[in-house]
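Asker: quick one, structure for this:
(chains A and B)
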Amino acid sequence: GAVVSQHPSWVICKSGTSVKIECRSLDFQATTMFWYRQFPKQSLMLMATSNEGSKATYEQGVEKDKFLINHASLTLSTLTVTSAHPEDSSFYICSAGGAYNEQFFGPGTRLTVL
Amino acid sequence: KQEVTQIPAALSVPEGENLVLNCSFTDSAIYNLQWFRQDPGKGLTSLLLIQSSQREQTSGRLNASLDKSSGRSTLYIAASQPGDSATYLCGQKVTFGTGTKLQVIP
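Answerer: Predicted coordinates:
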C-alpha cells in the first residue's frame, strides 16, 4: 500500500517559535495532500487542502497566516505553525490522495508548545 | 454539510466474537467511504475503501458495506482478536466520525 511519512513525529517548542512539519508520499505522487488537526478523543478536523504548485485551500476558521502550507513537489507538503502558542498544541496529521480518492495517512506529529 | 456519526462510541467484546461497527452519514451524495483504524498516538491506517458504485468490500476478517440510500455503512469484524483493539473511524476527506473505540478482551 501507499506510504506517507511525517517528520518530526513529535516536537516540543517554546511559545513564539515557529515549527515546520513535513509530509511525504514515499512511493507515489500526490497532487493533493490534506492537513488535519486532532484533539484528544475527538475526530479529525480538516485544516486545509494542499495543492501542488498552487495555494492551499483553508477551511473556515483556520488562519492561513498562522498555518503556512507549502506543497513544493508531488511528494512533499509542509505545514509551518508560525509563532506557536500553547493552544496550538495538538496532534497534526497529513494525508495524501491516491486512486479513487483513497486517502493514505501519515503517522502524525505531536506538537507541544510550552 | 456532510456529518458522520459512529455508534457505539466504545465497545468491549471477548476474543473470538463477531462484531459490527456502525457509521451514519447525512449526505447520500457521498463519493466514497473509507474505514480506518487508529492506534493510540498514531495516524490512521486505511482498512477498506468503498467507492460510491460499490456496496461492499472485504479484506480478510473485515467486511464493510455501504448503503447510500439509507446513509449507512457498517464494518463487520469476524473472529475478533486482541490485536484488533483500536479506534475505528469512518469517513472521507473532509468529514470523519469520532470513532468507535474497540477493546477485545483475551
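Asker: around chain A, pick out the residues from chain B.
Answerer: B:4, B:31-32, B:34, B:36, B:41-46, B:49, B:51, B:89, B:91-99 (CB under 8 Å from any CB of the partner chain). No exception for glycine: its C-beta is placed from N, CA and C like everyone else's.
Asker: is it possible to mark the buried ones in these?
Answerer: B:4, B:32, B:34, B:36, B:42-44, B:46, B:49, B:89, B:91-93, B:95-99 (16 or more other CB atoms under 10 Å in any protein chain shown).
Asker: so the residue positioned nearest the centre of chain A bridges to which residues?
Answerer: For chain A, the residue nearest the mean C-alpha position is A:Trp35 (3.7 Å; CA atoms, centre = their mean). Counting by DSSP bridges, A:Trp35 forms beta bridges with A:Ala48, A:Cys94.
Asker: least trustworthy helix or strand in chain B by mean pLDDT?
Answerer: One helix or strand of chain B scores below all others by mean pLDDT, DSSP states H and E: strand B:95-96, with a mean of 89.
Asker: and what about A:Gln60, helix, strand or coil?
Answerer: Taking DSSP: H, G, I helix; E, B strand; the rest coil as the rule, one finds A:Gln60 in the coil state.
Asker: count of neighbours near it?
Answerer: Neighbours of A:Gln60 under the rule other CB atoms under 10 Å in any protein chain shown: 4.
Asker: give the contact list for the closest residue to B:Asn32 other than its chain neighbours.
Answerer: Spatial nearest neighbour of B:Asn32, excluding adjacent residues (CB to CB, 6 or more residues apart in numbering or on different chains): B:Gln51 at 4.7 Å. B:Gln51 makes contact with A:Tyr100, B:Tyr31, B:Asn32 under the criterion CB atoms under 8 Å, 6 or more residues apart in numbering or on different chains.
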